[in-house]
Structures are given as C-alpha cells and as structure tokens.
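# Provide a 3D model corresponding to the input given below.
(chains A and B)
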Amino acid sequence: MPRKPIAKFTVEHLQILDEKGKLDAKLDPGLSEKEMVEMYRWMRLARELDERMLKLQRQGRLGTFPPNTGQEAISIPIALRMQEKDWFVGAFRELGGRLVRGEPLTSTLYYYNGWEEGNIQPNKEMRIIPTSVVIGCQIEHAAGLAYAARYKGEDAAAVCFIGDGGTSEGDFHEGLNFAAAWKAPVVYVVQNNQWAISIPRAAQTASQTIAQKGIAFDMPVLQVDGNDPLAVTVAIDEALARARAGEGPSLIEAVTYRLMMHTTADDPTKYRGKEEEDVAWTKEPLIRTRKYLDKKGYWDDAKEEALMAEVKAKVEAAVKEFETEKDWQQDEPFRHVYGTEHANITEQHQDFLANVAREAK
Amino acid sequence: MAKLNMVQAINLALSQEMAKDKDVLLLGQDIGVDGGVFRLTEGLLEKYGKERVIDTPLAESAIIGTSIGMAMAGLKPVCEMQFSGFSYLMMGQFEAHATRMRARTHGQLTVPMVIRMPFGGGVRALEHHSESREILYAHLPGAKVVIPSGPRNARALLVAAIRDPDPVVFMEPKHSYRAFREEVPETEEVMELGKAQVVQEGTDLTLISWGAMMRPTLKAAAEIEKNRGVSIEIIDLLSIAPLDYHTFTTSVQKTGRCVVVQEAPRSFGVSSEVVARINDEAFLYLEAPVGRLTGYDVVTPYFGREKSYLPNAARVSRAIEQTLDY
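The predicted structure follows:
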C-alpha cells in the first residue's frame, strides 16, 4: 500500500493597508469615518501615554514597565470589535486595548509604580483580567473564562493576548489544546514582535510561522500584518464570529515589531542592530493609519494638531492625578489574603500596624 | 446514617454540593466515564452530565489554569489531581494566580476552587504515588490546605471547602480511602475550615497529628494510657493552612508535654511550625522538649522499603514515652 497524504495545511497572511498607506480596496473591511477616526484617536492616546511613561520612568517617577510603542494596531482594533460581555485577557503589551475597554489611564501608572490599586477596575463587569507577569498563564485562564461563559449561556467570548516568547511555554500548548478540545469561545492573539527580551523570533522556535502552531490543535489560524489595523480588524471579526457561532477557538498571529526595549530595565543595543530598528520604524502603524485617514479625506493637519493637544492634556491630567497623594493604606494586603477571617492573619496584621506606628514616631 | 468509607463519603459530598449548586463542576483526568482511578467520582457523570463532570485532556497545569478562569467567572470548579505526585506541574498556576488573585485585585476577582488530591504512602504504589508534601502548598499565602482523617470529617470538610471563597487544596490520605468506615449522616454536615479538633481530652500530654497518621497515633495513645495510667489529649489538625495554633498551644499550656506525628520528611514540615508556635505561646508551660515523630529526609523509597520508613504506632508510642519520661 502506498503512503498517501492524509492531511494538508496552509497558512494565509493578510495585509490590507501597507506601510506606504496603500490600500487593497477589495479587502477593505469598510469601517466608517467615525470608526476609523476613533481608532486613530485611541492609537494616538496610547502612544502618548507610552512615551510619557518612558520619561516618567527615566525621571524616577515610575517603576519598570514594558513599552507598547509600535503595537497599537493590535489590541486597539481588537478591543474596539469586542462586545461588553467579552473577556479581555491581556499579557502585558496591550495598553491601548485596555484603554479602549474603559480602564482609566491612571491604572497603568499605579500598576507600574507598585500599587495593586492599578488592577482594580471601576467596576467588576468590565471583564478585564489583570496582567500576568508570569508568561503564558493567561492562555489557560482564557479557556476557562470562555468555558464558563458558554456554561452560563452568555453570548460572550474571551480574547487572549500572548507574545511570541509565550508560545514556547507549556501553558500555550496545554491551553490551546484544552480550548480546542472544549470548542471554547476564545480567540488567541499572538503579538509576534520579533523579540522576547533578547531572544529573536528565529531562536524562539523553528516553526516557519507562529500561526501554524494553532493548526496542531485544529484551530483556524491567520497570520496578519500586526501594524495594519484593517487586517487585524478583519481577523478578529472572523475569529469572534466563529467563537460566537460555537465553532471554537482561533489563533491569530499578528506580526509586528517591538520598537522599544522589553522593559525599561534592558538595553536592546546589546542584542540587536540599529538598522533593523530603523526599518521597523518605517512600518509602524500610526504613520499608515494617518495616511489612510488623509487619503479618505477624514483628517488634516489642523485635526492632528487638535488631537495631539487633546491627548497630551489627557495624559497630563492622568499624571497629575497619579502623583496626587493617596490615602491608600500600607496594611491593605492583610485584608485580602483570604475571604474569611483567621487568627494567624489578624494577629500579624496587629503586629504590622504596631511596627508601622512605632516607626512613624 | 450509613456506614461509609472515605471514598464514598467524598463522593457523597461532591454529589450533594452539585445537586445544590449548579455552579459547582468537576474537572480531572478519568473522573467521568471511568469514575476516577479510585472510583471516587463514580456515578457523577451519569447524574450531572459531561458539561459538569469534565474528563479533561492530560495536563495538570491546564486543569488548574482553566479552573482559575472558571472561578474568576463565578463558577466553583472542583479539580482532581490524579495523584499529588503529579500536582507539581500546576504549581506555577496555583502560586502565581490561584493564591494571589484576591490580593492582586483587592478582592475584585477571586478564585474559589478546590483541588483534590490523593496523597501519602502505605498503598504499595509506583514512584511519585506515596509522598506527603502538604507543606509545599501550606507555605503559600492565600492558599488553604485541608487534610481529613476519616470518612465523616472528609465529607464535612469537603462541603466547607467547596463553599469557601478561597482556593483550597484538599489532600486525601489515600491509605485511609478504604481502610475503615464511619457513620456519615445523609443530612448536611459542615465543618469550619481553619479549625483543629480535640478528638480526645486529656491532662498529661498533647498528641498532635493529621491525615493517615491519626490512626497509628490513636492506637499508640490508647496503649500508653492503658499501660501507664496517663491521660493524653489528642488533636487532629484537619486544616494545615491557615493553622489553628490556638487549639494546640492552649492544650500544651494545660498538659506541659507534647508530641507531634507527621508522615512527611522531618525538616521544614508542619511539625516544625507546630513546635515553633508552641515555643511562641507555651514555652513557660513545657515540662519537656516537644517530641517529634516524622518521616525521614530521604527521597521516598519504592514500596519494597516503604513499610520500614513510614511512622507506625510502635514508633509513636516510643516518642510519647520519651516525652513522658524526660
């Protein structure tokens, strides 16, 4: 009996708006002027906050944080296409998407300045899961959140972000496998920014694409230009539609570039050349989105100037509020060890308060 | 009342809580069609369906990781680790998220879940099937660790664990699964977590243990009371974390002597914490150093040597005599 192929797979790449602002009109999802302008406004705001955070960090006014610059065209269009009941399950480079979901600008400032208060949302129903500092854990949480949504009969999905480095974790493979075995309504989005701290994409995995890793779990996959907000929009729309139709999980690989350092604690000149960064800067998402708006006649320099003034003012106001003294209590952690009272915690709480009081004298 | 063994008592607790609350669901390897490798979940798939009795793919981290997601969404997952020896693969998820989510969000998101796992030696099993590693979980702030010692308290503690707002590691001494039966009432019985139980009052020595070690402990105490005419107070810890140290330090203040019996290796174990708490609260009442009978700090041997390494009633008796005679 001859050997015969029993399964064949392909991975598609989608780009609709290229770095020069050239549009493939046939593939254009046809977002309205209002939708496109809103998207661009969020991208500008996220970029402004990110740049301001870097200055604050360098001035010693903020702790270590992972900059987002260059990845605005992934989490922002995705968050804009999600529904209120959907779960937003981030890794840690989804600043724009978090803002779209309604997280206050100050939250990320509190979080990266060492305060758990940055994880507390204005209300629980916003369905934003806090950052998972441990890489990849959230992949499994998303499968569970999605299972719960279906179990409760909600018309809701989970959208989970991962970095290219995260796809090497065991939890990536276990999580995708569970999600697929359960046909859970979840969308996995890999922000492939080419670098996991100092490890380049080529050293991270021998796979030709990251998208193809989803095929092993029988998921529909798509690789998109992650700097193209239109391609990302099409990808998330398709994936969310499948999730809502009961067709299970999808994997989107969004190819982008980490223009800045991993976090403010490392120096990329140690492990990569400036030339590749220079090339990457010509492909970043805001330039092409602006070109698109200009060509459509939605935008001009006066509007740009007004927007820049607006986002700077918003960020300035957030920084001011962030630096306003808070009455947050040092003993807060004692209130949140357990949901029930125990002498062990109560007694140590008293001891802590006594120590703090003594030291305050 | 029916006479049940621990396996049947745990099954009863699961079944009754599932009947009562449709947010309670089970996840684990082979727990559905097969009814679990110990037949502990037998019948539950038929009663509650595959959406609630989930035969998962084989991955401990993902069983816990997905359950954390379910719990954050308002469900109450009760997961089974087939054996505690396989549970370390989920330690990352448990430490990084299950135990921390409440503190991370100041209670906005919580992880009410139960992780059941058979543990401990004495059943002549393969490697990784005989260890007592309760301390690994007990050391984590935010985690609750519960160890029943018999069918009746297993049922009542598991009901409490399922209703608890926090992640609970529920460690089942598998040596006691079918070793004996007790009357277990059909009607609801709940025991409070974080509370030790004085199972016998006494005046001359406090004897502390938990889990499968309660049986040799009780046997040794009965013998010594008979032979020497002394009166021994016996405490079953039941909850390892949070630890109810007031119950045993108060007891030691009364008796002045204490022996702790632990199956796990000696160093950095629960018994070390018990001795430290007695030092804190009952030092001036002590007539003798606190005695400890524990396992050894060796890699758990295969079952060919198991019997000579496990604490037994004779060794407990000797430890009690040494403390009485000090």
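
# where do the helices sit along the stretch 51-200 of chain A?
Per DSSP state H, counting those that start in this stretch, the stretch 51-200 of chain A carries helices over the ranges A:72-81, A:95-100, A:105-112, A:137-151, A:170-181.

# Extract the C-alpha set from the particular helix or strand that has B:I68 in it and format it as CSV.
For B:I68, the host element (DSSP states H and E) is helix B:60-72. Provided in CSV are the C-alpha atoms of helix B:60-72 (Å, rounded to 0.1, in the frame of the first residue of the first chain):
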residue,chain,number,x,y,z
GLU,B,60,-2.2,19.3,35.3
SER,B,61,-1.3,22.9,34.7
ALA,B,62,-4.2,23.4,32.3
ILE,B,63,-6.7,21.7,34.7
ILE,B,64,-5.8,24.3,37.3
GLY,B,65,-5.2,27.2,34.8
THR,B,66,-8.6,26.7,33.2
SER,B,67,-10.3,26.3,36.6
ILE,B,68,-8.8,29.6,37.7
GLY,B,69,-10.5,31.2,34.7
MET,B,70,-13.8,29.4,35.5
ALA,B,71,-13.6,30.5,39.1
MET,B,72,-12.9,34.2,38.2
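
# Between helix A:170-181 and that helix, find me the angle.
Angle between the axes of helix B:60-72 and helix A:170-181 is 70 degrees (criterion: axes from the mean of the first three to the mean of the last three CA atoms, to 10 degrees).

# Let me see the mean pLDDT of helix B:60-72.
Mean per-residue pLDDT for helix B:60-72: 98.

# Now do whatever residue of the stretch 201-350 of chain A ends up closest to chain B against B:M113, distance only.
For the stretch 201-350 of chain A and chain B, the shortest gap (CB to the nearest CB) falls at A:G339, measuring 3.1 Å. Just so you know, the C-beta spots here come from the backbone N, C-alpha and C atoms, and that holds for glycine as well. In this view, A:G339 and B:M113 are 12 Å apart by CB to CB, to the nearest Å.

# and if you look at B:T206?
Applying CB to CB, the value for B:T206 to B:M113 is 34 Å.

# same check, this time on B:D30
Distance from B:D30 to B:M113, by CB to CB: 20 Å.

# Thought A:T205 was touching A:S168, still the case?
Yes: with contact defined as CB atoms under 8 Å, A:S168 and A:T205 form a contacting pair (6.3 Å).

# Can you pull up the residues of the stretch 101-250 of chain B that come close to chain A?
B:101-110, B:112, B:141-142, B:144, B:164-166, B:193-194, B:242-246 (CB under 8 Å from any CB of the partner chain).

# mind listing which of these are in strands?
B:K144 (DSSP state E).

# A:W87: what's it in contact with?
A:R127, A:I129, A:A142, A:L145, A:A146, A:A149, A:A156, A:A157, A:A158, A:V159, B:A73 (CB atoms under 8 Å, 6 or more residues apart in numbering or on different chains).

# A:M36 too?
With contacts defined as CB under 8 Å, 6+ apart, A:M36 is in contact with A:T289, A:Y292, A:L293, A:K296, A:Y298.

# Quick check on those: which are buried?
The neighbour count (16 or more other CB atoms under 10 Å in any protein chain shown) marks A:T289, A:Y292, A:L293, A:Y298 as buried among the contacts of A:M36.

# Would you reformat these as TSV and include distance to A:V186, secondary structure and pLDDT?
TSV is the format used below for the buried ones among the contacts of A:M36 (distance: CB to CB, whole Å; DSSP: H, G, I helix; E, B strand; the rest coil; pLDDT from 0 to 100):
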residue	distance to A:V186	secondary structure	pLDDT
A:T289	27	helix	98
A:Y292	30	helix	97
A:L293	32	helix	97
A:Y298	34	coil	97
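
# would you list every one of the strands in the chain?
Assuming you mean chain A. Assigned strands in chain A, in chain order: A:13-14, A:87-89, A:128-129, A:158-163, A:186-192, A:195-196, A:199-200, A:221-225, A:250-255 (criterion: DSSP E).

# Switch to chain B, please.
B:2-4, B:24-28, B:53-55, B:76-80, B:114-119, B:144-146, B:168-173, B:182-184, B:197-200, B:205-209, B:232-236, B:239-241, B:258-265, B:291-295.

# winner for burial among those?
strand B:205-209 (a mean of 29; mean count of other CB atoms under 10 Å in any protein chain shown).

# How far away from the center of its chain is it?
Its chain's C-alpha centre and that of strand B:205-209 lie 17 Å apart, by CA atoms, centre = their mean, to the nearest Å.

# ok, residues contacting it?
By CB under 8 Å, 6+ apart, strand B:205-209 touches B:217, B:221, B:230, B:232-237, B:248, B:251-252, B:254-255, B:257-262, B:274, B:316, B:320, B:323-324.

# give me phi/psi at the residue of the stretch 101-250 of chain B found nearest chain A?
Relative to chain A, the nearest point of the stretch 101-250 of chain B is B:P165 (3.1 Å; CB to the nearest CB). B:P165 adopts backbone torsions of phi -80, psi 0, taken as degrees, to the nearest 10.

# for A:G21, same thing?
phi 90, psi 10.

# That one reaches A:K295, doesn't it?
Yes: the criterion here is CB under 8 Å, and A:G21 meets it with A:K295 at 6.5 Å.

# Near chain B, list only the ones from the buried ones among the contacts of A:M36.
Counting by CB under 8 Å from any CB, no member of the buried ones among the contacts of A:M36 is near chain B.

# Now these in JSON lines, please, with extra columns for distance to B:P57.
Shown next, in JSON lines, are the buried ones among the contacts of A:M36 (distance: CB to CB, whole Å):
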{"residue": "A:T289", "distance to B:P57": "41"}
{"residue": "A:Y292", "distance to B:P57": "43"}
{"residue": "A:L293", "distance to B:P57": "46"}
{"residue": "A:Y298", "distance to B:P57": "48"}
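
# Among the contacts of A:W87, name the buried ones.
The buried subset of the contacts of A:W87 - by 16+ other CB under 10 Å - is A:R127, A:I129, A:A142, A:L145, A:A146, A:A149, A:A156, A:A157, A:A158, A:V159, B:A73.

# one step back: just put the strands of chain B in a markdown table and tack on mean pLDDT and distance to A:K303.
Formatted as a markdown table, the strands of chain B follow (pLDDT from 0 to 100; distance: least, CB to CB, whole Å):
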| stretch | mean pLDDT | distance to A:K303 |
| --- | --- | --- |
| strand B:2-4 | 95 | 74 |
| strand B:24-28 | 98 | 52 |
| strand B:53-55 | 98 | 53 |
| strand B:76-80 | 98 | 50 |
| strand B:114-119 | 98 | 55 |
| strand B:144-146 | 98 | 57 |
| strand B:168-173 | 98 | 56 |
| strand B:182-184 | 97 | 73 |
| strand B:197-200 | 98 | 72 |
| strand B:205-209 | 98 | 74 |
| strand B:232-236 | 98 | 73 |
| strand B:239-241 | 98 | 59 |
| strand B:258-265 | 98 | 69 |
| strand B:291-295 | 97 | 73 |
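
# So for A:L49, which of those sits nearest?
strand B:76-80 (36.7 Å; CB to CB).

# Show me what from the stretch 201-350 of chain A comes close to chain B.
The stretch 201-350 of chain A comes close to chain B at residues A:E332, A:P333, A:R335, A:H336, A:V337, A:Y338, A:G339, A:T340, A:H342, A:A343, A:N344, A:I345, as judged by CB under 8 Å from any CB.
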